[in-house]
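Colleague: Need coordinates for the following:
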Amino acid sequence: MHDPIAKFSQWFADAKASPAITEPTAMTLATATAQGKPSARIVLLKEHGPQGFLFYTNLTSRKSGELIANPQAAVCFYWMPLCRQLRIEGTVVQAADAEADAYFASRPRERQIGAWASLQSQPLRDRAELDERAAMLEKRYAGQPIPRPPHWSGWRLIPRSMEFWLQSEARLHEREIYTRADAHAPWQFSLLYP
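Modeller: Next up, the predicted model:
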């Protein structure tokens, strides 16, 4: 029985244990507009399991706009010191409010302020404008908990395809791919030429 989620968990544990990998949660997230225009950026994985792969962001950002218009995405992890790459493709759904609230409450206070202060992906006149917004919010929430902004939440990538790549000599790399028709279908396993 092949289980790509369990295999990911082992690879992820190996990456976290490696002193040569400073940010094992970093993954390239690729999205596309409804017209198919792609874009990619690095985000941080915050949770993974049978339900999918979760990251958080501003819902008014370019990435969220693209995910709302076209709820398909791909992520790629590249852990160079381990000679491993992992590609995951699937559909996305927004995190439940209670889940996003709990995660937001666990964040350091300065990151909570940052989530309120940033109009992510919008034009910024200068750095002073952002610093002024952050200072204003610090004052507004002085001495009290900071609630999660309504424009900030998580996205969960529900995988339909997971490809594990392991570097080998002479560029004869090992590639294993797991695919399924939907989130409830069983995984199918096959090998790919490098």
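
Colleague: pLDDT at the most far-flung residue of the chain relative to its centre, what is it?
Modeller: Computed with Cα atoms, centre = their mean, the maximum C-alpha offset from the centroid of the chain is found at A170, amounting to 32.0 Å. Looking at A170, its pLDDT reads 84.

Colleague: secondary structure element for the nearest residue to A95 once chain neighbours are set aside?
Modeller: Nearest non-adjacent residue to A95, counting by Cβ to Cβ, 6 or more residues apart in numbering: G154, 3.3 Å away. Where C-beta positions appear, they are placed from N, C-alpha and C, glycine not excepted. Applying DSSP states H and E as the criterion places G154 in strand 152-166.

Colleague: Give me the phi and psi angles of the most centrally placed residue in the chain.
Modeller: Centrality entry for the chain: nearest residue to the mean C-alpha point is F55, 3.9 Å, by Cα atoms, centre = their mean. Note on F55: backbone dihedrals following degrees, to the nearest 10 are phi -140, psi 160.

Colleague: where do the helices sit along the chain?
Modeller: Using DSSP state H, the helices found in the chain span residues 4-17, 62-69, 97-106, 109-117, 127-140.

Colleague: Which one of the ones you listed lies nearest to R148?
Modeller: R148 lies closest to helix 97-106 among the helices of the chain, at 3.9 Å (Cβ to Cβ).

Colleague: State the distance from R148 to F77.
Modeller: Computed as Cβ to Cβ, to the nearest Å, the R148 to F77 distance reads 27 Å.

Colleague: re the thing from before, name the nearest residue to the residue nearest to the centre of the chain, ignoring sequence neighbours.
Modeller: In space, and not counting its chain neighbours, F55 is closest to V43: 4.5 Å by Cβ to Cβ, 6+ apart.

Colleague: For I146, see how far away that neighbour is.
Modeller: Using Cβ to Cβ, we find V43 at a distance of 22 Å from I146.

Colleague: swap in I158?
Modeller: The gap separating I158 from I146 is 30 Å, by Cβ to Cβ.

Colleague: pretty sure S153 is in contact with Y56, am I right?
Modeller: Yes: judged on Cβ atoms under 8 Å, S153 makes contact with Y56 at a distance of 6.8 Å.

Colleague: list the residues that contact both of those two?
Modeller: Applying Cβ atoms under 8 Å, 6 or more residues apart in numbering, one finds that S153 and Y56 are jointly contacted by A95, A100.

Colleague: ok, what's across the strand from the residue nearest to F55?
Modeller: Per DSSP bridges, the residues bridged to V43 are M27.

Colleague: pretty sure it is touching F53, no?
Modeller: No: counting by Cβ under 8 Å, V43 does not reach F53; the two are 10.1 Å apart.

Colleague: With neighbour numbers in mind, choose between those two.
Modeller: Between V43 and F53, F53 has the larger neighbour count (other Cβ atoms under 10 Å), namely 25 against 17.
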